[in-house]
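Engineer: Got a sequence here, can you model it:
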Amino acid sequence: MENPAIVYLYLYLAIADKEFSEKEASIILSKLKKNPAFAGMDTGCFVDDIYQNFLRLPFDNVMVYLENYMMEVKLTETERTSVINDLEEIMEADGVIRKEEMMAFQRIKKYLAINNNYQYRASA
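Structural biologist: As a prediction, this is how the structure comes out:
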């Protein structure tokens, strides 16, 4: 899971409802700190740079940007499941799962090639 596209996925979901909460940011940073691919990196600065880039793009264009990254991502089934679980935690961070977040989650899940029978905890 060394591709930085995972960070873009986390942020895409976190800002799907047009709000990027402290709780969401905290969860994203904690996920990155556990990932050896980001060891030694200033993850806070990295996430902020990506977030600032997102603010410059219309939200719909962000998914096009992500689609290009997702074509390069090679994840094992275990890594895919881990990313889905991380995304669920991000969605649930503020205690409310909005329709926009669920739609973003479904779009991401499609690109992770998780079959449609995947049972996720979160629901709108």
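
Engineer: Now find how far off-centre stretch 30-47 is within its chain.
Structural biologist: Computed by CA atoms, centre = their mean, to the nearest Å, the chain-centroid distance of stretch 30-47 equals 14 Å.

Engineer: Report the separation between Leu66 and Val7.
Structural biologist: For Leu66, the distance to Val7 equals 11 Å [CB to CB, to the nearest Å]. C-betas here are computed from N, CA, C, even on glycine.

Engineer: Not counting sequence-adjacent ones, nearest residue to Tyr10?
Structural biologist: Using CB to CB, 6 or more residues apart in numbering and skipping the chain neighbours, the partner closest in space to Tyr10 is Ile28 (4.8 Å).

Engineer: I'd assumed Leu11 was in contact with that neighbour.
Structural biologist: Yes. Checked against CB atoms under 8 Å, the pair Ile28 and Leu11 is within contact range at 6.9 Å.

Engineer: more neighbours, those two?
Structural biologist: Ile28 (26 against 22; other CB atoms under 10 Å).

Engineer: in what helix or strand does Gln106 lie?
Structural biologist: When secondary structure is defined by DSSP states H and E, Gln106 falls within helix 99-111.

Engineer: Give me the buried positions along that helix.
Structural biologist: When burial is assessed from 16 or more other CB atoms under 10 Å, helix 99-111 yields the following buried residues: Glu100, Glu101, Met102, Ala104, Phe105, Arg107, Ile108, Lys109, Tyr111.

Engineer: So which of the residues you listed is the closest to Ala16?
Structural biologist: When those are compared for distance to Ala16 (CB to CB), Ala104 wins out at 3.7 Å.
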